[in-house]
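Structure for this input, please:
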Amino acid sequence: MTLTEAYTMALKRVGLDETSTTFKDQMRLYLNMGAKELGALADWWWLYKQGTLTTTHTVTVKNISGGSFAVGNTITDGTNSGTIAASYDVTNAPTIIHYTTSKTTDFSGTLSVGGVSSTVVSDVVTRQYQLASDVLSPYSWRDETNNRVLTIASWDEMDEADPDQNETGDARWIIPEGADSNTGYQLVAVFPLHDTSNETFRYRYYAYIPDWTSNDDSTALDGWIPQPLQPALVYTAAALYQQEKGDDDGAQINRQEADRQVDRALRVNSRMWGNRHRARSHKFGGGSAFGFFVQEGSLSA
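Presented below is the predicted three-dimensional model:
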């Protein structure tokens, strides 16, 4: 089912002209609301995802001339070099650029690539990172490059460990730090400041469904919502529109249909994890709470 097919069916259930651009745009908004509503009903298997964070350094520059920098550019100050790792907002001044490098000293003086040049203001280890655009709640973190688990900690723990927040070394903690004021993406801080760039941290998270626009009309819903729940989305959106029009009885009928579809989807969801009722005890052998796992190699008596 495509997004167009979804709002066409929903409009027909409401009794509105499915060819009207005004009605289609409004129904698309209700489909977005319905998707958020359905996504929050359960721990759906299809909303568990994994993201990647690549550690970087951050150089702040001003007086950019000759063009603009771009992801993948190799920047240099004549002595050190690095590769730009993320896009930046060219409307800001000074401009912050994230880059990866194997250098041991900070950029200074003039930073350039091709015919583009700028003046270095400061160069530091990156403290704060944005997560993926659809992150609702991070679940776990691991430093894949160094084969170790990272712990989700709090501001209080970080402040107690390092009041002036300038400790560098291998990262141990990930600290939630709200949302970026421009993008709305979630922010996290790495502690200590991870002083090696171009290393990979992977994180598992629970996602939400981003808003659909008219650009998504011809796209199948399967990439966002699995088929067992798609009928519930149509009924939910129709019910929301009927409530707007004052048709409470019609809205109630569509709500009941949506509930029946959700019930079926929940049963499918419960089977996605296999035997969900198996024992989750961490005790081993004779009941000891101690567990030992061999990661590599072998053991012998």
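
Which elements pack onto the helix or strand harbouring residue 50?
Per DSSP states H and E, residue 50 falls inside strand 48-54. Contact here means 3 or more CB pairs under 8 Å, 6 or more residues apart in numbering; DSSP states H and E; on that basis strand 48-54 packs against strand 200-207. Glycine gets a C-beta too; all of them are placed from N, C-alpha and C.

Contacts for the next helix or strand after the strand it packs on, please.
Using DSSP H and E, the next helix or strand after strand 200-207 towards the C-terminus is helix 230-244. By CB atoms under 8 Å, 6 or more residues apart in numbering, the list of residues contacting helix 230-244 from outside reads 1, 6-7, 9-11, 13-14, 16, 26-27, 30-31, 33-35, 37-38, 221, 225, 248, 250-252, 254-255, 257-259, 261-262, 265.

for stretch 57-74, same thing?
In contact with stretch 57-74 (CB under 8 Å, 6+ apart) are residues 75, 81-88, 90, 93-101, 106-107, 111, 113-126, 197.

Would you mind giving me the PyMOL syntax to select the buried ones in these?
This is the PyMOL syntax for the buried subset of the contacts of stretch 57-74, where burial follows 16 or more other CB atoms under 10 Å:
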select buried, resi 75+81+82+83+84+85+86+88+94+95+96+97+98+99+100+101+107+111+113+116+117+118+120+123+125+126+197
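
Got the domain ranges for this structure?
As assigned by automatic domain parsing, the chain contains the domains 3-47+209-271, 56-125.

how about low-confidence regions in this protein?
90, 273-301 (pLDDT under 70).

ranges for the helices of it?
Assigned by DSSP state H, the helices in the chain fall at 3-14, 21-39, 155-161, 230-244, 248-271.

Nearest to residue 47, out of those?
Among these, the nearest to residue 47 by CB to CB is helix 21-39 (6.3 Å).

Return the distance of the closest one from the chain's centre.
Distance of helix 21-39 from its chain centroid, counting by CA atoms, centre = their mean, to the nearest Å, is 22 Å.

Give the buried residues for it.
Neighbour-count burial for helix 21-39 [16+ other CB under 10 Å]: 23-24, 26-28, 30-32, 34-35, 37-39.

Give me the helices and strands touching it, please.
Where contact means 3+ CB pairs under 8 Å, 6+ apart, helix 21-39 is packed against helix 3-14, helix 230-244.

Of these, give the one that comes closest to residue 207.
helix 230-244 (16.2 Å).

Would you reformat the domains of the chain as JSON lines and include distance to residue 188?
Formatted as JSON lines, these follow (distance: least, CB to CB, whole Å):
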{"stretch": "domain 3-47+209-271", "distance to residue 188": "19"}
{"stretch": "domain 56-125", "distance to residue 188": "13"}
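
which stretch among those comes nearest residue 190?
In terms of CB to CB, the element of the domains of the chain nearest to residue 190 is domain 56-125, at 8.7 Å.

got the end-to-end distance for that closest one?
7 Å (CA to CA, to the nearest Å).

same deal with stretch 44-51?
Stretch 44-51: ends 18 Å apart by CA to CA.

Pull the number of nearby residues for residue 52.
Neighbour count for residue 52, taken as other CB atoms under 10 Å: 10.

Next, find the distance separating it from residue 156.
Per CB to CB, to the nearest Å, residue 52 is found 28 Å from residue 156.

Residue 233 now?
Separation of residue 233 from residue 156 (CB to CB) stands at 41 Å.

With neighbour numbers in mind, choose between those two.
Shown here are residue 233 and residue 156; by other CB under 10 Å, residue 233 has more neighbours (29 against 9).

shouldn't residue 220 be in contact with residue 5?
No: applying CB atoms under 8 Å, one finds residue 220 not in contact with residue 5, separated by 9.1 Å.

Can you list the buried residues in the strand holding residue 50?
By neighbour count with 16+ other CB under 10 Å, strand 48-54 contains the buried residues 51, 53-54.

mind checking how far it is from the chain centre?
Per CA atoms, centre = their mean, the displacement of strand 48-54 from the mean C-alpha position of its chain is 7 Å.
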